[in-house]
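A.B. asks: Build the 3D model from these lines:
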Amino acid sequence: MRDVASEAGVGVKTVSRVVNGEPDVAESTRHRVRAAIARLDYRPDDSARGLRNGQIASIGLVLDDATDPFSAQLVAAIQAEAQLHGMLALSGSCNEDPDSERELSLALCARRVRGLVVVPAPGARHDYLSPYLAEGLPVVFVDRPPVALAADTVLTDSRGGAITAVRHLLAHGHRRIAFLGDDVRIHTAAERLSGYRAALHEAGLPIDTDLIAARPVRDETVSATLAAFMALPEPPTALFTANNRTTVAALRALAGFDTVPALVGFDDFQLAELMSPPVTVVAQDPGSLGETAARLLFQRLFGDRSPAQRVELATRLIPRGSGEIPPHPTGGRTIAVPPF
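C.D. replies: As a prediction, this is how the structure comes out:
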């Protein structure tokens, strides 16, 4: 901070006020200080104050959506691994916003976390972390790979899981299989759509774009999409939903239909076994994703300097009933949502 003050021709206290966003600093002075900060590549060390109160070492965890059950299991696994090494896991959510992801990641770096685990926001670039990687900060990306940065990455085999789901429906006689997924700008959504297409191609079936919907998940859009699917001259006899939020939204919408397609969802979810019939899923393991990411992070902290790794974890099919319904001329049988 003294170096910045000298470069900008101001006092250390003025630099402190600018860094902390305090008022009563002239705009021209604030601009001069920020320019000096940029030239010197100064980054605040928020952990310095913690040295006085015995703050223990920590790692940072950046989530895309803290409300998703997937995130809860991921956090629990990472926290458990951090505790084995006497560290805290400080977590925050960027709510799928690239700018928020960057701000949160840099805020954690400013606190001098020992390592960083990031679930990337859709559309984010990650070269802003390059200076920290160059200084030796281990960074591991989970669920989606980084963009514009070479770093350790732990993923689920989304494409392979989607192929498994569609093959399962094909094995039960379905040929009109609809895809309902998230925005394909999201890595996992694109991979699952790719797997859906690959399985149909493998079976010698054409790709019918009328049976594909890939857009942000909202109850009203899912409901409208399903109504459009079932109004087709040849409605689908089966449905592949490409994440748990889409599956739950689809089940809510399908509760109003007399007959519905067979269904396989990607991601397990609570109460799936209580539906009638219970919901067949291709399950990933958020706990294993978190555990693998944390172990990779601590290997780096313990001195591993090997090239960046990309680890893909397998999925597993859980047949429960909804994915085993045979084709029906009007699109399937009734899936009842139990009252709660």
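
A.B. asks: Distance of Val12 relative to Val4?
C.D. replies: Distance from Val12 to Val4, counting by Cβ to Cβ, to the nearest Å: 8 Å. (C-beta placed from N, C-alpha, C; glycine too.)

A.B. asks: Mind checking which of the two has more residues around it?
C.D. replies: Between Val12 and Val4, counted using other Cβ atoms under 10 Å, the more crowded position is Val4 (22 against 13).

A.B. asks: Would you agree the more buried one is in contact with Arg43?
C.D. replies: No - using Cβ atoms under 8 Å, Val4 makes no contact with Arg43, being 10.8 Å away.

A.B. asks: And the lowest mean pLDDT element among the helices and strands of this structure?
C.D. replies: Every helix and strand of the chain was ranked by mean pLDDT, DSSP states H and E. The lowest is helix 12-19, at a mean of 88.

A.B. asks: if I pick the closest residue to Pro206 other than its chain neighbours, what's in contact with it?
C.D. replies: Once flanking residues are discounted, Pro206 sits nearest to Leu200: 7.6 Å by Cβ to Cβ, 6 or more residues apart in numbering. The neighbours of Leu200, taking Cβ atoms under 8 Å, 6 or more residues apart in numbering as the test, are Val166, Ile177, Pro206, Ile207.

A.B. asks: Could you tell me which of those residues count as buried?
C.D. replies: Val166, Ile177 (16 or more other Cβ atoms under 10 Å).

A.B. asks: Tell me which two of the contacts of Leu200 sit farthest apart.
C.D. replies: Val166 and Pro206 (13.9 Å; Cβ to Cβ).

A.B. asks: low-scoring pLDDT stretches of this structure, where are they?
C.D. replies: Within the chain, the segments meeting pLDDT under 70 span 45-56, 329-340.

A.B. asks: Could you chop it up by domain?
C.D. replies: 2-42, 51-157+287-314, 158-285+317-324 (automatic domain parsing).

A.B. asks: quick one: contacts of stretch 275-287?
C.D. replies: Stretch 275-287 has contacts (Cβ under 8 Å, 6+ apart) with 70-71, 73-74, 76-77, 156, 161-162, 164-165, 168, 247, 251, 263-269, 272-273, 313, 315-325, 335-338.

A.B. asks: for stretch 24-44, that is, sorry about that
C.D. replies: Contacts of stretch 24-44 (Cβ under 8 Å, 6+ apart): 1, 3-4, 7-10, 14-15, 17-19, 109-110, 131.

A.B. asks: One more: stretch 86-106?
C.D. replies: Outside stretch 86-106, the residues within contact range by Cβ under 8 Å, 6+ apart are 56-67, 71, 75, 78-79, 82, 107-108, 111, 113-114, 116, 118, 120-125, 128-129.

A.B. asks: Check which residues of it are buried.
C.D. replies: Applying 16+ other Cβ under 10 Å to stretch 86-106 flags 87-94, 96-98, 100-102, 104-105 as buried.

A.B. asks: With stretch 9-23 instead?
C.D. replies: Buried-residue list, stretch 9-23, by 16+ other Cβ under 10 Å: Val10, Thr14, Val15, Arg17, Val18, Val19.

A.B. asks: same deal with stretch 185-195?
C.D. replies: By neighbour count with 16+ other Cβ under 10 Å, stretch 185-195 contains the buried residues Ile186, His187, Thr188, Ala189, Ala190, Glu191, Arg192, Leu193, Gly195.

A.B. asks: related to what we said a few turns ago, any of the contacts of stretch 275-287 buried? List them.
C.D. replies: Buried among the contacts of stretch 275-287 (16+ other Cβ under 10 Å): 70-71, 73-74, 77, 156, 161-162, 164-165, 168, 247, 251, 263-269, 272, 315, 318, 320-323, 325, 335.

A.B. asks: from those residues, which ones fall inside strands?
C.D. replies: Among the buried ones among the contacts of stretch 275-287, the members found in strands (DSSP state E) are Thr156, Leu263, Val264, Gly265, Phe266, Ile318.

A.B. asks: mind checking how far the last one is from His168?
C.D. replies: To tie it back to what came earlier, the one meant is Ile318. 10 Å.

A.B. asks: Now do the helices in the stretch 1-150 of the chain.
C.D. replies: 2-8, 12-19, 27-40, 69-84, 98-110, 130-134 (DSSP state H, counting those that start in this stretch).

A.B. asks: Summarise which helices and strands the second one is packed against.
C.D. replies: For helix 12-19, the elements it packs on are helix 2-8, helix 27-40, judged by 3 or more Cβ pairs under 8 Å, 6 or more residues apart in numbering; DSSP states H and E.

A.B. asks: now that helix, how far from the centre of its chain.
C.D. replies: Relative to its chain's centre, helix 12-19 lies at 37 Å (Cα atoms, centre = their mean, to the nearest Å).

A.B. asks: Repeat that for stretch 245-253.
C.D. replies: The answer for stretch 245-253 is 19 Å, by Cα atoms, centre = their mean.

A.B. asks: if we can go back for a sec, which of the ones in strands among the buried ones among the contacts of stretch 275-287 lies at the shortest distance from Asp182?
C.D. replies: Phe266 (10.1 Å).
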